[in-house]
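Colleague: what's the 3D shape of this:
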Amino acid sequence: MPPTCASTGTAKRHTLVACLFHVAKVSIRDEIATMLCKRIAVIHKKAREHLEGLRHASRAESERLLGTFGEVLAVVREALTPPAEASEAGGGEPAAAEQEPAGPDAVFAKTGRLVLATLERSGGVDALSEAHEVVSAYQGNNYLPFVEKFYRGSRAALFDMLDVLEFQAALADQRVLKAVEFLRANRTWTGEHLNVTVGERNGRPVELDLSFATENWRKVVVDPRRRSRVIRRHFEACVFSHLAAELRTGDIAVSGSEAYANFMEQLLPIEECEPLAAAYCREAGLPADAAGAVTALRAQLEQTAARVDAGFPANTDLRIAGGRPVLKPRQGKDRRQSALDLEQAIHDRLPECGILEILTRTAYLTGWPRHFGPPSGSDPKIRDALGRYVLLTFTYGANLGPAQVARHMVGQVSVHQLHQATKHADANKIHRASADVINAYTDLDLSRLYGDGRRAGTDGTQIDTWADNLLAESHIRYGGYGGLAYRYISDTYIALFSHFIPCGVWEAVYILDGLLRNKSDLQPSEIHADTQGQSLPVFGLAHLLGFELLPHIRNWQDLVFYRPSRVDRYEHIDSLFSADVVDWHLIETHWDDLMRVALSVRAGRISSVTLLRRLGTESKKNRIYRALREVGRAVRTIVLLRYLSEPQLRDSIAAITNRVEAFHGFANWLSFGREVLAHNDPVHQEMIVKLELAQIGQSGRPGYEAGTDIRDHEGVYAL
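Modeller: Predicted structure coming up:
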């Protein structure tokens with residue numbers, strides 16, 4: 001019997017509610033795992049700061065001990081000086097009463113008396129020994145003994161997180177997980193020490209495997225008197241620290257999570273990758289087989305190194321001093337007077353237009369508001385949708401907020417109406433609407449005067465937020481508290497994509513994501529970034545995805561140049577290369593795994609952000625990380641060699657970097673509402689940053705068709 005409409009509706013509602021609960025539980029698991037990692041990171045940061053504070057406080061004591069040591073050396077030297085030399089230095093014969101018997105025993109006795117007298121004047125042997133122990137404890141870089149001090153206050157919360165999360169090993173190594181289970185089993189133990197004997201084998205006790213811990217941690221954790229005992233508090237801090245580290249690298253996954261899921265299970269199955277590999281390699285410009293890919297990359301590195309070596313005598317910008325490359329600074333070109341006159345003439349002739357007028361005209365001409373709308377067909381519609389969506393873009397793009405806009409438009413739009421419009425927009429809808437604006441901008445002849453769209457620059461700029469939210473962090477580079485607006489700027493001066501990310505993350509993990517999610521007609525193949533936008537895995541993944549990563553790296557002279565082989569030597573630039581060689585065999589062995597990763601990212605099975613977050617740190621256990629790192633070593637060495645030998649490349653990198661910085665300045669000027677992002681919801685924060693970018697894309701559009709008949713929409717021109 002077919003179900004009735006009422007029963008079908010009920011089943012649909014139950015399904016939607018179940019899906020909502022599932023998504024909420026996945027999100028909660030992600031947030032709890034993130035909180036665990038952040039809490040451990042904060043504990044370690046406080047321990048490092050505490051060690052540095054103790055060093056600073058003990059500096060005076062250190063200087064006093066050094067002074068005492070200098071006095072001891074002085075009296076020992078005096079005691080060891082022969083009487084004849086001492087009299088000559090003093091200018092006469094010593095008095096008979098002052099003369100002491102000669103011989104080794106006498107010298108030793110005199111030395112002992114002088115040393116003891118010196119030590120007694122400085123406080124005594126016991127006091128000096130105690131001071132030496134205190135100062136010595138702070139002289140090394142091992143801050144781990146102080147981690148437990150700051151771990152105590154978070155102990156209950158961290159154990160509660162263990163209770164609600166289910167961990168699984170992404171790799172065969174389960175040593176950390178076994179230690180976590182041991183912690184859970186001994187959570188209520190209150191003694192100072194903990195016995196790590198977990199069973200017997202052949203009549204002999206079996207102890208918990210602590211080999212996962214670093215040497216510095218083992219010095220702190222293991223009881224020196226009994227190797228089978230650990231100091232409980234230090235042991236707990238050690239296990240939580242390694243758990244957080246392996247969560248970040250992906251070596252441990254959280255069941256039912258998305259951001260911390262087992263990324264190996266998210267990849268395409270091997271049998272699905274095989275028929276797709278050949279077509280993908282043609283699209284990305286890669287050889288189809290492992291041997292060919294390795295041969296091509298190795299030949300590129302060898303040819304680039306040989307070309308740079310041969311051209312070194314003619315390269316007047318480069319010299320090598322002490323094995324380090326030094327580039328002569330290039331003088332920037334002054335703007336010609338004719339260019340300045342043209343700029344002034346353009347400013348004089350451009351008509352003054354309000355931001356709302358520009359947004360309205362662009363919305364009418366491009367039709368981008370069609371992407372906005374209620375999430376469900378049963379939701380109430382907005383009567384003047386175009387005008388309301390334009391106001392929504394202006395409200396959050398200028399960071400004004402609905403209350404401030406409504407106050408200036410009394411009787412025309414209310415706070416409730418603007419809030420209702422936010423339900424009709426989300427990050428994906430805004431991204432699709434921005435693609436319409438980008439495509440319309442690309443059709444203009446003027447846009448092609450700036451660039452051909454083949455290049456894009458990426459960079460982050462800080463945006464202040466309220467302190468009590470998940471994304472907010474202090475940032476040492478920006479000197480503030482908040483998050484980062486990470487933007488992708490085309491060489492045609494229009495933004496392609498944006499993210500709102502935490503300050504504490506390595507920006508490089510986001511560098512490819514915006515390019516892969518860019519749906520506009522502008523599809524750059526070269527990507528430029530600063531030092532934060534590069535790492536070896538990022539270089540490797542960019543190469544596999546068909547992008548050319550050309551970052552502007554600070555202190556690039558300190559980076560390692562990897563040799564193509566151990567026998568390769570160069571006449572002029574050999575000192576640039578280290579003894580390290582790219583492991584071509586490792587790349588060839590795991591080439592199928594690398595192709596599986598690239599195909600999975602292209603197919604959307606796993607985001608490049610998730611992948612690089614897992615592979616962006618030193619995960620020595622993961623074979624994909626190690627193979628991707630070797631590809632990155634070869635590619636980065638090629639880029640560094642090109643940077644040394646191609647002045648045009650250096651100029652191009654500097655130009656696109658300056659273009660991105662100029663865009664940040666324009667964005668700050670246009671976001672005139674307030675300096676703080678006054679919202680704590682990460683989803684809403686992402687939407688605000690994208691609306692800001694959408695408004696910039698329209699406001700920065702070079703002109704519009706004058707005389708176009710555009711209707712006066714509700715409340716748009718009244719402001």
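Colleague: Residue 401 contacts residue 392, correct?
Modeller: No - if you go by C-beta atoms under 8 Å, residue 401 and residue 392 don't touch, sitting 11.6 Å apart. The way it works is simple: take the backbone N, C-alpha and C, and place the C-beta from them, glycine included.
Colleague: When those two are compared, which one has more neighbours?
Modeller: Higher neighbour count among residue 401 and residue 392: residue 392, with 27 against 18, using other C-beta atoms under 10 Å.
Colleague: quick one: residue 435 and residue 517 touch, right?
Modeller: No - if you go by C-beta under 8 Å, residue 435 and residue 517 don't touch, sitting 10.3 Å apart.
Colleague: between these two, which one's more packed in?
Modeller: Taking other C-beta under 10 Å, residue 435 and residue 517 do not tie; residue 435 has more neighbours (21 against 16).
Colleague: For the more buried one, list the residues it contacts.
Modeller: By C-beta atoms under 8 Å, 6 or more residues apart in numbering, the contact list for residue 435 reads 518, 519, 520.
Colleague: which residues does the last one contact?
Modeller: With contact taken as C-beta under 8 Å, 6+ apart, residue 520 is in contact with 434, 435, 438, 439, 442, 496.
Colleague: From the residues you listed, list just the buried residues.
Modeller: Buried by 16 or more other C-beta atoms under 10 Å: 434, 435, 438, 442, 496, out of the contacts of residue 520.
Colleague: Restricted to strands, list these.
Modeller: Among the buried ones among the contacts of residue 520, DSSP state E puts residue 496 in strands.
Colleague: And the buried ones among the contacts of residue 520, which two are furthest apart?
Modeller: With C-beta to C-beta as the measure, no two of these lie farther apart than 434 and 442, at 12.4 Å.
Colleague: hang on, the earlier thing: and of the contacts of residue 520, the nearest to residue 315?
Modeller: residue 496 (34.7 Å).
Colleague: and the gap between that closest one and residue 358?
Modeller: 20 Å (C-beta to C-beta, to the nearest Å).
Colleague: and if you look at residue 547?
Modeller: For residue 547, the distance to residue 358 equals 33 Å [C-beta to C-beta].
Colleague: For stretch 575-584, measure first residue to last.
Modeller: One end of stretch 575-584 sits 22 Å from the other (C-alpha to C-alpha, to the nearest Å).
Colleague: List of residues touching it?
Modeller: Here stretch 575-584 makes contact (C-beta under 8 Å, 6+ apart) with 294, 298, 301, 305, 320, 323, 325, 560-566, 570, 630, 633-634, 637.
Colleague: Tell me which of the residues you listed fall in helices.
Modeller: 294, 298, 301, 305, 630, 633, 634, 637 (DSSP state H).
Colleague: Now render the residues you listed as CSV, adding neighbour count, distance to residue 188 and pLDDT.
Modeller: As requested, these are exported to CSV (neighbours: other C-beta atoms under 10 Å; distance: C-beta to C-beta, whole Å; pLDDT from 0 to 100):
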residue, neighbour count, distance to residue 188, pLDDT
294, 22, 55, 94
298, 16, 58, 96
301, 23, 58, 96
305, 22, 62, 95
630, 25, 47, 94
633, 22, 49, 95
634, 24, 53, 96
637, 24, 54, 95
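Colleague: Nearest to residue 511 among the residues you listed?
Modeller: residue 633 (17.9 Å).
Colleague: who touches the closest residue to the closest one other than its chain neighbours in this structure?
Modeller: Distances taken as C-beta to C-beta, 6 or more residues apart in numbering put residue 562 closest to residue 633, at 4.6 Å, once the chain neighbours are dropped. Contact partners of residue 562, counting by C-beta under 8 Å, 6+ apart, are 577, 578, 580, 581, 582, 633, 634, 637.
Colleague: at 7 Å what do you get?
Modeller: By C-beta atoms under 7 Å, 6 or more residues apart in numbering, the contact list for residue 562 reads 578, 580, 581, 582, 633, 634, 637.
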